[in-house]
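> I would like the atomic coordinates for the input below:
(one chain, ligands or ions: 2)
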Amino acid sequence: MHATAAAIIPAAGSGTRMGLHHPKQFHMLAGSPVLIHTVRAFLANPEICRCIVVVPEAWVERTGSLLHHYGLDPQRLTVCAGGRRRQDSVRAGMAHLDDTIDIVLVHDGARPLVSQDTITRCCRAAREHGVAIAAIPVKDTLKKADANGVVQSTVDRQGLWQAQTPQAMRLSLLQLAYSQAGDEEATDEASLLERAGIPVTIVEGSETNLKITRPEDLRLAELIVHRNTTPPRLRIGHGFDAHRFIADRPLVLGGVTIPHTLGLAGHSDADVVTHALCDALLGAIGARDIGYHFPDSDARFSGMYSITLLEEVIDLVRSKGLALGNADITIICQAPRLAGHIAAMQERLAQSCGVEAEAVNIKATTTEKMGFTGREEGIACHAVVLLHNHPNPSGH
Ligand SMILES: Nc1ccn([C@@H]2O[C@H](COP(=O)(O)OP(=O)(O)OP(=O)(O)O)[C@@H](O)[C@H]2O)c(=O)n1
Ligand SMILES: C[C@](O)(CO)[C@H](O)COP(=O)(O)O
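Ligands and ions are numbered 1, 2, ... in the order given. Sure, this is the predicted structure:
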């Protein structure tokens, strides 16, 4: 049977670095106070049976009302007053855990974006190893500087991690570490466990599990919540094109020159595949068609490599805050055989669209000698695309 897990959420700090008139954990973030986001995340996790929320003494009553106002289950919540230091607040929370609790997860009230996955993994790793904390590897070069900001040395970052919360452990180990620590200072629970000689295991946390510390963290958290809660914008588009074979022209399909006795007639390079894809993309953003944007009456487009047009179309797609999800393209062509050129076409088109080659699927089919393509008078092509919100709308 599983050990019973509870969360202690220290939220009794004053948030001096944030510089607000109220503690940062009560500041609004995307429609709810920061602390409500944090408590909600823990109550939503099936591993967690109850939460002890530790707040400044003056906020105990108001926190009770807030939790009620935001519809959080009072049966699974206890609110209590914290202490001067974080570790005092955690100790105050521990006093509310009864002996049915085996595993405890300590998590900063000021880390509202913790994921369900991180909570679950910390909890399970603590069951297995005794203690497990979320942390992320240090990715920047580390400098040690003096009080004037002058660098003294570069610190080897190999094996260095930034500790986050949750910090999960058997309650008995946390109690032991606290009793051995006496009044020693620590900025996290793991330090006290380490000092008591208890091994601490790392579980990979996440960059987005940020601790709201300074005003810029709040702005970043707003963006992340917005990104996580904005429903995806999806747009579908279809394109069709056909070109007639003529002599003395290279055959360009999907940006790739394909050996054949004939090429295709057209104002540009007549790349029927790229044109169908452009039309599908333009259709998906409701921006008419390729002829509208690059008219064959305009000498600038005469003989033009159609990949250049595709790249302009992709810029237009991005300007609408959208990106290609995937494209499915069917080339209708009796001759030449295209099987050996599909991969190169996929790669060329994908590169211009800023996606992986797998996102652009190309099929080629004959029409069993029926119709104009069957009589080898020309090549036709259909393309469908699905667009979604651009992950980084301001950057390319
Ligand atoms: N006496 C304290 C101090 C801190 N915390 C909590 O510990 C977490 C991490 O602390 P930190 O980000 O340092 O918060 P503050 O101490 O409030 O911030 P500051 O240092 O800027 O004053 C926060 O959820 C904070 O509310 C606490 O419960 N009790
Ligand atoms: C516990 C902690 O979140 C780990 O990163 C952090 O140490 C607490 O915040 P503080 O700024 O160190 O008080």
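
> kindly report the residues of the protein close to ligand 1.
Where the chain comes near ligand 1, counting by C-beta under 6 Å from any ligand atom, the residues are 10-17, 25, 54, 82-86, 89, 108-110, 211, 213. All C-beta spots, glycine's among them, are computed from the backbone N, C-alpha and C.

> so residue 382 touches residue 242, yeah?
No: in this structure, residue 382 is not within contact of residue 242 by C-beta atoms under 8 Å, at 10.0 Å.

> those two - which one has more neighbours?
residue 382 (20 against 17; other C-beta atoms under 10 Å).

> for the more buried one, which non-adjacent residue is spatially closest?
Spatial nearest neighbour of residue 382, excluding adjacent residues (C-beta to C-beta, 6 or more residues apart in numbering): residue 330 at 4.8 Å.

> buried residues of stretch 129-138, list them for me.
By neighbour count on 16 or more other C-beta atoms under 10 Å, the buried set for stretch 129-138 is 130, 131, 132, 133, 134, 135.

> interface residues of the chain facing ligand 2?
So the chain meets ligand 2 at 86, 108, 163, 164, 165, 187, 188, 211 (C-beta under 6 Å from any ligand atom).

> if we go to 5 Å?
108, 163, 165, 187, 188 (C-beta under 5 Å from any ligand atom).

> picking that back up, buried ones among the residues of the chain next to ligand 1?
Buried members of these, counted by 16+ other C-beta under 10 Å: 10-13, 15, 25, 54, 82-83, 85-86, 89, 108-110, 211, 213.

> and those, which of them are in strands?
The strands, defined by DSSP state E, take in 10, 54 from these.

> helices - which of the buried ones among the residues of the chain next to ligand 1 land there?
Of those, the ones assigned to helices by DSSP state H are 86, 89.

> against ligand 1, how distant is residue 219?
As judged by C-beta to the nearest ligand atom, to the nearest Å, residue 219 and ligand 1 stand 16 Å apart.

> ok, now which ones touch that residue?
For residue 219, the contact set (C-beta atoms under 8 Å, 6 or more residues apart in numbering) is empty.

> what residue, apart from its backbone neighbours, is nearest residue 194 spatially?
Residue 194 sits nearest to residue 200 (C-beta to C-beta, 6+ apart), 5.8 Å away.

> residue contacts, the one you found?
So residue 200 contacts 131, 132, 133, 190, 193, 194 (C-beta under 8 Å, 6+ apart).

> and those, which of them are in helices?
190, 193, 194.

> give me phi/psi at the nearest residue to residue 275 once chain neighbours are set aside?
Sequence neighbours aside, residue 241 is the residue nearest to residue 275 in space, at 4.1 Å (criterion: C-beta to C-beta, 6+ apart). Per-residue torsions, residue 241: phi -150, psi 160 (degrees, to the nearest 10).

> circling back to that earlier point, in JSON lines, list the buried residues of stretch 129-138 along with distance to residue 116.
Converted to JSON lines, the buried residues of stretch 129-138 look like this (distance: C-beta to C-beta, whole Å):
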{"residue": "130", "distance to residue 116": "23"}
{"residue": "131", "distance to residue 116": "21"}
{"residue": "132", "distance to residue 116": "16"}
{"residue": "133", "distance to residue 116": "17"}
{"residue": "134", "distance to residue 116": "13"}
{"residue": "135", "distance to residue 116": "18"}
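
> can you list which of the residues you listed are found in strands?
Per DSSP E, those map to strands at 131, 132, 133, 134, 135.

> quick one on the thing from earlier: who wins on neighbours among the residues of the chain next to ligand 2?
Within the residues of the chain next to ligand 2, neighbour counts (other C-beta under 10 Å) peak at residue 165, which reaches 30 neighbours.

> got any ranges where the stretch 251-396 of the chain has weak pLDDT?
By pLDDT under 70, the weakly predicted segments of the stretch 251-396 of the chain are 392-396.

> all the strands of it, residue numbers only.
All strands of the stretch 251-396 of the chain, identified by DSSP state E, counting those that start in this stretch, fall at 251-253, 256-258, 263-264, 322-332, 360-365, 378-389.

> which one of the ones you listed is the most hemmed in?
strand 251-253 (a mean of 25; mean count of other C-beta atoms under 10 Å).

> which neighbours in the sheet does that strand have, and how are they oriented?
With DSSP bridges as the test, strand 251-253 is paired with strand 256-258 (antiparallel).

> I'd like the mean pLDDT over whichever strand or helix holds residue 92, please.
For residue 92, the host element (DSSP states H and E) is helix 86-94. For helix 86-94, the mean pLDDT works out to 96.

> for residue 31, grab the count of nearby residues.
10.

> kindly report the same for residue 19.
Number of residues near residue 19 (other C-beta under 10 Å) recorded here: 9.

> ok, it - contacts?
Per C-beta under 8 Å, 6+ apart, neighbours of residue 19: residue 215.

> list phi and psi for it.
Here is the backbone geometry of residue 19 (degrees, to the nearest 10): phi 70, psi 30.

> pLDDT score for it?
At residue 19, the model reports a pLDDT of 94.

> can you show me the helices along this structure?
With DSSP H, the ranges of helices along the chain come out as 34-43, 60-69, 86-94, 116-129, 171-181, 189-195, 215-229, 272-284, 290-293, 306-319, 342-353, 371-374.

> and residue 178, how far from residue 65?
31 Å (C-beta to C-beta, to the nearest Å).

> comparing the two, which residue is more hemmed in?
Legend: neighbour count by other C-beta under 10 Å for residue 178 and residue 65, higher for residue 178 (18 against 10).

> correct me if wrong: that one contacts residue 192.
Yes: here residue 178 reaches residue 192: they are 6.4 Å apart, a contact under C-beta under 8 Å.

> and residue 201, what is it in contact with?
Going by C-beta under 8 Å, 6+ apart, residue 201 touches 125, 129, 130, 131, 132, 133.
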